[in-house]
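Asks: Provided below are the primary sequence and the corresponding predicted coordinates.
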Amino acid sequence: MDTLSPGKRSQIMSAVRSKNTRAELLVRRYLWSHGIRYRIHRKDLPGKPDIVIPRYKLAVFIHGCFWHGHDNCIRGRLPKSRLEYWKPKIEANRSRDRRIEEELNEKGWRQLVIWECQLRTQKAASNTLPMVLNQIMSMC
Ligand SMILES: [Zn+2]
């Protein structure tokens, strides 16, 4: 049953959106300042990657640990309650992610996943971002 008005729903959706955007912005700013040119949210590629780097045919995704089921991550752990509700949801997201990666590969694109926990704190981000840049630079 859908009891949310369209206005309320889009309010919620944009809140979700801007939450994702903080991590995205961090990555984008870093890449840009290191000379990596990208496009964002290219709808013609599988999974609508968050960041696309055409020069390397690379699609970058910034995944929320919970929704995408990050392995060995405290934030990726399933809740103990209502497991029967969450488990299939997260499993479906994970198999969707795998399918997207296959589709990208078929089109000749590579993908790079950055997990939200890798950007959550300044310390984490300052480890992750140079690592990501190295990975990209070694792709030529
Ligand atoms: Zn994580």
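Replies: Noted; the coordinates are in hand.

Asks: Quick check, pLDDT for the residue nearest the centre of the chain.
Replies: Centroid-nearest residue in the chain, with Cα atoms, centre = their mean: residue 62, separated by 2.1 Å. Here, the pLDDT recorded for residue 62 equals 94.

Asks: State the distance from it to the ion.
Replies: Distance of residue 62 to the ion, given as Cβ to the ion, to the nearest Å: 11 Å. Using the backbone N, CA and C atoms, a C-beta is placed for each residue, glycine as well.

Asks: contacting residues for that residue?
Replies: Residue 62 makes contacts with 20, 23, 24, 27, 50, 51, 113, 114, 115, 116, 119, as judged by Cβ atoms under 8 Å, 6 or more residues apart in numbering.

Asks: Among those, show me the least confident.
Replies: Ranking those by pLDDT, residue 20 lands last with 57.

Asks: circling back to that earlier point, which among the contacts of residue 62 gets closest to residue 67?
Replies: For the contacts of residue 62, the closest approach to residue 67 (Cβ to Cβ) belongs to residue 116, at 9.3 Å.

Asks: Tally up the residues packed near that closest one, please.
Replies: 22 (other Cβ atoms under 10 Å).

Asks: Report the secondary structure state of residue 27.
Replies: helix (DSSP: H, G, I helix; E, B strand; the rest coil).
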